[in-house]
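[1] just the structure for this:
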Amino acid sequence: MQGAGTALHELLVSAQRRGCLTAGVYESAKLMNVDPDNVAFCVLAADQEDEGDIALQIHFTLIQAFCCENDIDIVRVNDMAKLAAIVGPSEDSGEPRDLHCILITNPNEEGWKDPALEKLNLFCEESRNVNDWVPAITLPE
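    So this is what the prediction gives:
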(Lines give C-alpha, C1' and ligand atoms only; values in the text may rest on other atoms or scores of the structure.)
Protein backbone atom coordinates (compact mmCIF):
# COMPACT_ATOMS: atom_id res chain seq x y z
CA MET A 1 0.00 0.00 0.00
CA GLN A 2 1.41 3.35 -1.03
CA GLY A 3 1.38 6.04 1.58
CA ALA A 4 1.79 3.90 4.70
CA GLY A 5 4.88 5.92 5.65
CA THR A 6 3.03 9.18 5.18
CA ALA A 7 0.06 7.85 7.17
CA LEU A 8 2.40 6.84 10.01
CA HIS A 9 4.00 10.29 9.99
CA GLU A 10 0.54 11.93 10.18
CA LEU A 11 -0.57 9.57 12.96
CA LEU A 12 2.53 10.25 15.07
CA VAL A 13 2.12 14.03 14.73
CA SER A 14 -1.62 13.86 15.49
CA ALA A 15 -1.17 11.52 18.47
CA GLN A 16 1.56 13.67 19.96
CA ARG A 17 -0.60 16.79 19.58
CA ARG A 18 -3.49 15.02 21.33
CA GLY A 19 -1.33 13.57 24.10
CA CYS A 20 -1.97 10.00 22.92
CA LEU A 21 1.64 8.96 22.32
CA THR A 22 3.74 6.88 24.71
CA ALA A 23 7.42 6.43 23.86
CA GLY A 24 9.89 3.98 25.37
CA VAL A 25 10.09 0.22 25.78
CA TYR A 26 9.52 0.29 29.55
CA GLU A 27 6.89 3.04 29.45
CA SER A 28 5.03 1.12 26.74
CA ALA A 29 5.22 -2.15 28.65
CA LYS A 30 3.80 -0.46 31.75
CA LEU A 31 0.93 1.04 29.76
CA MET A 32 0.14 -2.26 28.04
CA ASN A 33 0.09 -4.00 31.41
CA VAL A 34 -2.20 -1.42 33.03
CA ASP A 35 -4.55 -0.48 30.17
CA PRO A 36 -4.19 -2.74 27.09
CA ASP A 37 -7.68 -1.92 25.81
CA ASN A 38 -6.67 1.71 25.35
CA VAL A 39 -3.75 0.93 23.00
CA ALA A 40 -4.68 1.53 19.36
CA PHE A 41 -1.37 1.06 17.51
CA CYS A 42 2.26 0.07 18.13
CA VAL A 43 5.47 1.09 16.37
CA LEU A 44 8.73 -0.79 16.95
CA ALA A 45 11.84 1.00 15.74
CA ALA A 46 15.45 -0.08 15.43
CA ASP A 47 18.50 1.00 13.47
CA GLN A 48 21.01 -1.38 11.93
CA GLU A 49 23.20 -1.29 15.06
CA ASP A 50 20.21 -2.25 17.24
CA GLU A 51 19.81 -5.57 15.41
CA GLY A 52 22.56 -7.12 17.57
CA ASP A 53 21.03 -5.94 20.86
CA ILE A 54 19.69 -9.19 22.29
CA ALA A 55 17.83 -7.53 25.19
CA LEU A 56 16.04 -5.18 22.78
CA GLN A 57 15.11 -8.07 20.49
CA ILE A 58 13.65 -9.97 23.46
CA HIS A 59 11.59 -6.89 24.39
CA PHE A 60 10.40 -6.64 20.77
CA THR A 61 9.37 -10.31 20.77
CA LEU A 62 7.38 -9.88 23.98
CA ILE A 63 5.73 -6.67 22.77
CA GLN A 64 4.83 -8.30 19.45
CA ALA A 65 3.29 -11.27 21.23
CA PHE A 66 1.30 -8.98 23.49
CA CYS A 67 0.07 -6.93 20.53
CA CYS A 68 -0.98 -10.04 18.61
CA GLU A 69 -2.77 -11.41 21.68
CA ASN A 70 -4.67 -8.13 22.15
CA ASP A 71 -5.41 -7.38 18.46
CA ILE A 72 -3.16 -4.32 18.38
CA ASP A 73 -1.75 -3.50 14.95
CA ILE A 74 2.01 -3.22 14.92
CA VAL A 75 4.63 -2.02 12.41
CA ARG A 76 8.42 -1.75 12.28
CA VAL A 77 10.45 1.32 11.33
CA ASN A 78 14.14 1.05 10.48
CA ASP A 79 15.14 4.71 10.72
CA MET A 80 15.44 6.11 14.23
CA ALA A 81 16.69 9.50 12.97
CA LYS A 82 13.52 10.12 10.93
CA LEU A 83 11.39 8.95 13.83
CA ALA A 84 13.22 11.28 16.23
CA ALA A 85 12.70 14.17 13.80
CA ILE A 86 8.94 13.54 13.85
CA VAL A 87 8.45 12.82 17.55
CA GLY A 88 11.21 14.99 18.97
CA PRO A 89 12.64 15.05 22.49
CA SER A 90 10.70 14.55 25.69
CA GLU A 91 8.36 17.45 26.34
CA ASP A 92 9.07 17.27 30.08
CA SER A 93 12.86 17.28 30.13
CA GLY A 94 13.88 18.10 26.56
CA GLU A 95 16.07 14.97 26.66
CA PRO A 96 16.10 12.51 23.76
CA ARG A 97 13.68 9.73 24.52
CA ASP A 98 13.67 6.01 23.87
CA LEU A 99 11.86 5.62 20.56
CA HIS A 100 12.33 1.85 20.19
CA CYS A 101 8.66 1.37 21.05
CA ILE A 102 5.89 3.91 20.53
CA LEU A 103 2.26 3.30 21.44
CA ILE A 104 -0.67 5.30 20.16
CA THR A 105 -3.57 5.28 22.62
CA ASN A 106 -7.18 6.18 22.13
CA PRO A 107 -7.90 9.77 23.14
CA ASN A 108 -10.65 10.54 25.61
CA GLU A 109 -12.66 12.26 22.88
CA GLU A 110 -15.79 10.37 21.91
CA GLY A 111 -16.06 9.39 18.27
CA TRP A 112 -12.46 10.34 17.43
CA LYS A 113 -11.38 8.65 14.23
CA ASP A 114 -7.98 9.39 12.76
CA PRO A 115 -7.90 8.76 8.99
CA ALA A 116 -4.17 7.97 9.20
CA LEU A 117 -4.86 5.30 11.85
CA GLU A 118 -7.58 3.80 9.66
CA LYS A 119 -5.15 3.67 6.68
CA LEU A 120 -2.52 1.97 8.84
CA ASN A 121 -5.04 -0.53 10.21
CA LEU A 122 -5.95 -1.44 6.62
CA PHE A 123 -2.25 -1.67 5.69
CA CYS A 124 -1.62 -4.04 8.62
CA GLU A 125 -4.65 -6.15 7.73
CA GLU A 126 -3.47 -6.47 4.12
CA SER A 127 0.03 -7.39 5.35
CA ARG A 128 -1.36 -10.11 7.63
CA ASN A 129 -3.23 -11.56 4.63
CA VAL A 130 0.17 -12.31 3.07
CA ASN A 131 1.63 -13.57 6.40
CA ASP A 132 3.59 -10.40 7.17
CA TRP A 133 2.63 -9.94 10.82
CA VAL A 134 4.94 -7.01 11.56
CA PRO A 135 5.33 -5.08 8.30
CA ALA A 136 8.17 -2.61 7.86
CA ILE A 137 7.29 0.97 6.95
CA THR A 138 9.63 3.53 5.46
CA LEU A 139 9.01 7.05 6.72
CA PRO A 140 8.95 9.85 4.13
CA GLU A 141 11.84 12.32 3.84
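[2] is the residue positioned nearest the centre of the chain in a helix, a strand, or coil?
    Nearest to the mean C-alpha position of the chain, by C-alpha atoms, centre = their mean, lies Val43 at 2.0 Å. Here Val43 is recorded as strand under DSSP: H, G, I helix; E, B strand; the rest coil.
[3] wait, it sits on Leu8?
    Yes. With contact defined as C-beta atoms under 8 Å, Val43 counts as touching Leu8 (7.1 Å). (Each C-beta comes from the backbone N, C-alpha and C, glycine too.)
[4] identify the contacts common to the two.
    Counting by C-beta atoms under 8 Å, 6 or more residues apart in numbering, the contacts common to Val43 and Leu8 are 75, 77.
[5] can you report how many residues lie near Val25?
    By other C-beta atoms under 10 Å, 19 other residues sit near Val25.
[6] which ones are touching it?
    Val25 neighbours (C-beta under 8 Å, 6+ apart): 56, 59, 63, 98, 100-101.
[7] any idea how far it lies from Trp133?
    Between Val25 and Trp133 the distance is 19 Å, computed by C-beta to C-beta, to the nearest Å.
[8] element containing the residue lying closest to the residue nearest to the centre of the chain once chain neighbours are set aside?
    Leaving aside its sequence neighbours, Val43 sits nearest to Ile102 (C-beta to C-beta, 6 or more residues apart in numbering; 4.3 Å). If you go by DSSP states H and E, Ile102 is part of strand 101-105.
[9] now for that strand, which elements pack on it?
    Judged by 3 or more C-beta pairs under 8 Å, 6 or more residues apart in numbering; DSSP states H and E, the packing partners of strand 101-105 are helix 4-18, strand 21-23, helix 25-34, strand 39-45, helix 54-69.
[10] rewinding a little: list the contacts for the residue nearest to the centre of the chain?
    Neighbouring residues of Val43 by C-beta under 8 Å, 6+ apart: 8, 12, 74-77, 83, 101-104.
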